[in-house]
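Engineer: dropping a prediction and its sequence here:
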Amino acid sequence: MENEVLLEVQHLSVGFESYNARVEKVFFNAITDLNLTVRKGEIVAIVGSSGSGKSLLAHAVMNILPDNARTGGKMYYKGELLTPEVMNRLRGRQIAFIPQSVAFLDPLMQVGDQVVGTLGEKARALQQKAFEHFGLKQSVAQLYPFQLSGGMARRVLLSTSYVAETEMIIADEPTPGLDLKIAIEALKDFRVQADQGKGVILITHDIDLALHVADKIAIFYDGRVVETADTQTFRGDGQGLKHPYSRALFNALPQNGFNLQRCPKCGATCATWNVDEEGMRCGCGDS
Amino acid sequence: MAILEVKHVDFRYGSGPWILKDISFSVEEGERVAILGPSGYGKSTLAKVIAGYLKPAGGEILWEGKPLPATGFCPIQLIYQHPEKALNPRWKMKDSLEEAGVPSEEVLTEMGIQEKWYQRWPNELSGGELQRFCVARVLKPETRLLICDEMTTMLDAINQAHIWNFVLAYAKKHNMTLLAITHNRYLANQVATRILRIPELNHVEVDQSSL
């Protein structure tokens, strides 16, 4: 019996409206027809190419897209339709978000206070515990974001989800800039929280780290999920993976040989190939 | 003879805590050295000191036995972790790419840089595409030592392998020396001939450089 569905994303599309030099409206589609399900107690890792819309998905769920964004499709949280009003109520209370960029910190506020946020002084002790947990000195709480290194700022962002008692966590690239020990520690935390019944979406490039903790891996390319695979299929030579792009991604990892396929005709590596539902091929015109 | 000598280098920002204290090592021509170290230990600061962007408070950096030349194309080039911060947002891609001369045809083809991207602004390309421009513009005969500061951490595995495979092949062909700063020991094993661990200094908690 599978656990209760926490978040269900159906046929999500995200696009942006803008104006070109002749003041004509142009529309650019970033995500098309995306489906994703997250259950209680489950970590779903999202991996895929840079610029494939992974962060946009997170922002669409959290309803923090810029004003010129247009979304389609439906999202449900515990069976309830996720409208902007519902999201504004849930955000930070039921669903925690760890943003990718350190620039999401308020530059004019001490980071300790940012972690405490609107939870009030009762969360101060939790903040101190979180800092200790992630190896930050307590004096860091009095610093401003510009005084932190990339890794320290990342740990401050992780602390924000540590203090909030939410049912779901969406973590957008929580590990770059962290050394291995802290990165593993952070991911283990997600596992612990998932085992307590939370749902976690983990957006990451560190496939090998994600494999240690995730239950399912969704592989993104160009605003679509090309494949959702069980963690077990990411083993050996990756032949258990269905889509050629998933296999290419797996084989390109440094520990898996760092290999890229090349086009037999023009020699371009698969980093420049086109990917669609059926497979991937070079754009030079050869099959 | 060592092509790069880092001798007893100390560094701190303003009157803040010491970020680097008595760092010494040397690199031979054609070597590929990886520097591994925990977050906040001053790896990026060290990269900037070696490349000449920051002046060390003590000690010296010697290039072929002499201080770095103050003018002309610097033989030490640095590639940053964040390509979007390394490009002028108000310059079209072509201008950034060709700022110090047009890269060779070989580099442009291998990096998969498309001409239709030339007239775009940096915010109209993905991180992987921007980083290809950043790499292409420094792969010149004048570049003798390339410092890659977390060059591919923001990229997916395919783009990472693509960029690294090409940089490694280029370095081999043109006898270019590499200094790679990374957290990823698998990557370090894959690209480096020698791995240095940054000494455990007084643990530095303030590092403004990476912001």
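Structural biologist: Now that the structure is in, tell me what you want to look at. A quick note: this is a predicted structure, and the numbers were derived from the prediction, not measured.
Engineer: from now on I want contacts and neighbour counts done on CA atoms only, so please keep to that.
Structural biologist: Fine.
Engineer: quick one: low-confidence residue ranges for the chain.
Structural biologist: Went with chain A since none was named. A:1, A:285-287 (pLDDT under 70).
Engineer: wait, chain B
Structural biologist: Using pLDDT under 70, the flagged stretches of chain B are B:39-40, B:199-211.
Engineer: for chain B, just list every one of the helices.
Structural biologist: Counting by DSSP state H, chain B has these helices, from start to end: B:43-50, B:83-86, B:93-97, B:105-110, B:127-138, B:157-174, B:185-191.
Engineer: same list, the ones you listed, but as JSON lines with mean neighbour count and distance to A:C270 please.
Structural biologist: Output for the helices of chain B, formatted as JSON lines (neighbours: other CA atoms under 10 Å in any protein chain shown; distance: least, CA to CA, whole Å):
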{"stretch": "helix B:43-50", "mean neighbour count": "23", "distance to A:C270": "31"}
{"stretch": "helix B:83-86", "mean neighbour count": "16", "distance to A:C270": "21"}
{"stretch": "helix B:93-97", "mean neighbour count": "20", "distance to A:C270": "23"}
{"stretch": "helix B:105-110", "mean neighbour count": "15", "distance to A:C270": "12"}
{"stretch": "helix B:127-138", "mean neighbour count": "23", "distance to A:C270": "13"}
{"stretch": "helix B:157-174", "mean neighbour count": "20", "distance to A:C270": "8"}
{"stretch": "helix B:185-191", "mean neighbour count": "18", "distance to A:C270": "20"}
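Engineer: you'd agree B:W63 is up against B:K7?
Structural biologist: No - if you go by CA atoms under 8 Å, B:W63 and B:K7 don't touch, sitting 11.2 Å apart.
Engineer: who has more neighbours out of the two?
Structural biologist: B:W63 (19 against 16; other CA atoms under 10 Å in any protein chain shown).
Engineer: what about A:D106, neighbour count?
Structural biologist: Per other CA under 10 Å, the neighbour tally for A:D106 reads 13.
Engineer: dump the residue contacts of it.
Structural biologist: Contacts for A:D106 (CA atoms under 8 Å, 6 or more residues apart in numbering or on different chains) come out as A:Q114, A:P145.
Engineer: which helices and strands sit right next to the helix or strand containing A:D208?
Structural biologist: Per DSSP states H and E: A:D208 is located in helix A:207-213. Here helix A:207-213 touches strand A:43-48, helix A:180-195, going by 3 or more CA pairs under 8 Å, 6 or more residues apart in numbering or on different chains; DSSP states H and E.
Engineer: wait, doesn't B:M176 sit right on B:R144?
Structural biologist: Yes - with contact defined as CA under 8 Å, B:M176 counts as touching B:R144 (5.0 Å).
Engineer: who has more neighbours, these two?
Structural biologist: For B:M176 versus B:R144, the count of surrounding residues by other CA under 10 Å is larger for B:M176: 23 against 20.
Engineer: I'd like the distance between that one and B:Q77.
Structural biologist: 11 Å (CA to CA, to the nearest Å).
Engineer: give the residues shared as contacts by the two.
Structural biologist: Both B:M176 and B:Q77 are contacted by B:T143, B:L145, B:L146, under the criterion CA under 8 Å, 6+ apart.
Engineer: nearest residue to the first one in space, ignoring adjacent ones along the chain?
Structural biologist: It refers to B:T143. Leaving aside its sequence neighbours, B:T143 sits nearest to B:P75 (CA to CA, 6 or more residues apart in numbering or on different chains; 4.7 Å).
Engineer: quick one: contacts for the one you found?
Structural biologist: Counted by CA under 8 Å, 6+ apart, B:P75 has contacts B:E142, B:T143, B:R144, B:L145.
Engineer: tell me which residue is most central in chain A.
Structural biologist: Centre of chain A computed as the mean C-alpha position; nearest residue by CA atoms, centre = their mean is A:I203, 2.2 Å away.
Engineer: contact residues of the stretch 51-200 of chain A facing chain B?
Structural biologist: By CA under 8 Å from any CA of the partner chain, the residues of the stretch 51-200 of chain A that approach chain B are A:51, A:140, A:146-152, A:176-180.
Engineer: bridge partners for the residue nearest to the centre of chain A, pull those for me.
Structural biologist: Beta-bridge partners for A:I203, by DSSP bridges, are A:I46, A:D172.
Engineer: thinking again about what came up before, for the contacts of B:P75, which one is nearest chain A?
Structural biologist: Checking the contacts of B:P75 against chain A by CA to the nearest CA gives B:L145 as the nearest, at 22.7 Å.
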